[in-house]
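**Q** Pasted the sequence and its predicted model underneath.
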Amino acid sequence: MAESTVFFSTRPLPCLLLFLLLAVFLHGCSSATAPRRMVGDEATMTERFQRWKSEHNRSYATAEEERRRLRVYARNVRYIEATNAAAGLTYELGETAYTDLTNDEFMAMYTAPPLSSADDDAAAAAMVITTRAGPVDDHLPQAQVYFNLSAGSPASVDWRASGAVTEVKDQGRCGSCWAFSTVAVVEGIQKIRKGKLVSLSEQELVDCDTLDSGCDGGVSYRALEWITSNGGITTRDDYPYTGKAGAACDRAKLGHHAATITGLRRVATRSEASLANAVAGQPVAVSIEAGGDNFQHYRKGVYDGPCGTRLNHGVTVVGYGQEAAADGGGDRYWIVKNSWGKSWGDQGYIKMKKDVAGKPEGLCGIAIRPSFPLM
């Protein structure tokens, strides 16, 4: 191979060229040791994250974990903003107390494994349709369940306005949503029938209800069966919520009955008209699929999906209504009380689209498994 020859010019370089070469040299020397400066968007996101942490009283065990949570937070915020910018959305996403969690983490912490269809069908014999007049013949065979269109429900209902709904509670990192929806419907019917609103104990169900699985999930109609067989349930003050599983049932308090029920009924499945008739009489416990990023970050408006029917979360329908519109055709919605605290959703509530065409099961399966107590 021929030896290469390098020629050096003896002509003086222009001052500007010398300056540029010096700048490049200095930058190359310093970049290996100097910390990288954050660009505008990154700095802004870090500031937002610090404000979010302060608002939700969040701290992390290590600096590495904080950096990871910042990355998750930033990814979620960008998703929220991109989704809100989409045309035609009937609801709005926003930052909540859970914006530092991936959706997989959120699902694992705040929902429960879906109940198998075999287990669900085993209790179908208790199913009964309801009208405004109340339960109809509960001895009808399962195949002969009907609803009475002439006894339709009123145009709107909101049991919060009647004082039949306690404040939004927070289940914490325990899959006890089923206990919260159960307690909510017993609180509601007691206010309606006896005129007193008392906050009842979810922890008693978590610890003592042998039909369900504590922080590993459950379903409201079984919890209502347990309350009936126990003769009642005590108050939250008497048996406080800890959000922890594995504690022994405080059997000394099983006889402290702040509320008693005489039984339960299950609304005919996959009929939003039947569910509306039931909600016209009292709050109703339902199961839904509470999955996906949009549900996690819901802030306000009428939620219309996406979601499926793998029922993994218990909530309470406390009413229904319709959005105002000039042509009178605003979206109809269910008023749903959740148990993820007031910092999620619309002060702890979500409006879920009602009467979805082609979906007898309702949005997110809301009409598949409704139940309510008798008093």
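**A** Cool, got the structure. Numbering: from 1, shown residues only.

**Q** which residues does residue 209 contact?
**A** When contacts are counted by C-beta atoms under 8 Å, 6 or more residues apart in numbering, residue 209 touches 179, 218, 222, 223, 226. For glycine as for every other residue, the C-beta is placed from the backbone atoms N, C-alpha and C.

**Q** switch to 6 Å and redo it
**A** Listed by C-beta atoms under 6 Å, 6 or more residues apart in numbering, the contact set of residue 209 reads 223, 226.

**Q** can you check residue 60 too?
**A** Applying C-beta under 6 Å, 6+ apart to residue 60 gives the contacts residue 66.

**Q** so it, which of the three states?
**A** What DSSP: H, G, I helix; E, B strand; the rest coil gives for residue 60 is coil.

**Q** Against residue 53, how distant is it?
**A** 9 Å (C-beta to C-beta, to the nearest Å).

**Q** Any chance of the backbone angles for the closest residue to residue 259 other than its chain neighbours?
**A** In this structure, residue 259 finds its nearest non-sequential neighbour in residue 190, 4.8 Å apart by C-beta to C-beta, 6 or more residues apart in numbering. Backbone torsions of residue 190, given as degrees, to the nearest 10, read phi -70, psi -40.

**Q** list the residues that contact both of residue 60 and residue 53?
**A** By C-beta under 6 Å, 6+ apart, no residue touches both residue 60 and residue 53.

**Q** C-alpha coordinates for the helix or strand where residue 74 lies, PDB please?
**A** Element membership of residue 74, judged by DSSP states H and E, is helix 63-84. Output of helix 63-84 as PDB, limited to C-alpha atoms (Å, rounded to 0.1, in the frame of the first residue of the first chain):
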ATOM      1  CA  ALA A  63     -33.200   8.500  43.800                       C
ATOM      2  CA  GLU A  64     -33.300   5.800  41.200                       C
ATOM      3  CA  GLU A  65     -36.900   5.000  41.900                       C
ATOM      4  CA  GLU A  66     -37.700   8.800  41.700                       C
ATOM      5  CA  ARG A  67     -36.100   9.000  38.300                       C
ATOM      6  CA  ARG A  68     -38.100   6.000  37.100                       C
ATOM      7  CA  ARG A  69     -41.400   7.500  38.400                       C
ATOM      8  CA  LEU A  70     -40.500  10.800  36.600                       C
ATOM      9  CA  ARG A  71     -40.200   8.800  33.400                       C
ATOM     10  CA  VAL A  72     -43.600   7.100  33.900                       C
ATOM     11  CA  TYR A  73     -45.200  10.400  34.900                       C
ATOM     12  CA  ALA A  74     -43.900  12.200  31.800                       C
ATOM     13  CA  ARG A  75     -45.000   9.400  29.500                       C
ATOM     14  CA  ASN A  76     -48.500   9.500  31.100                       C
ATOM     15  CA  VAL A  77     -48.700  13.300  30.900                       C
ATOM     16  CA  ARG A  78     -47.900  13.200  27.200                       C
ATOM     17  CA  TYR A  79     -50.500  10.500  26.600                       C
ATOM     18  CA  ILE A  80     -53.100  12.500  28.500                       C
ATOM     19  CA  GLU A  81     -52.400  15.700  26.500                       C
ATOM     20  CA  ALA A  82     -52.300  13.800  23.200                       C
ATOM     21  CA  THR A  83     -55.600  12.100  24.000                       C
ATOM     22  CA  ASN A  84     -57.300  15.300  25.000                       C
END
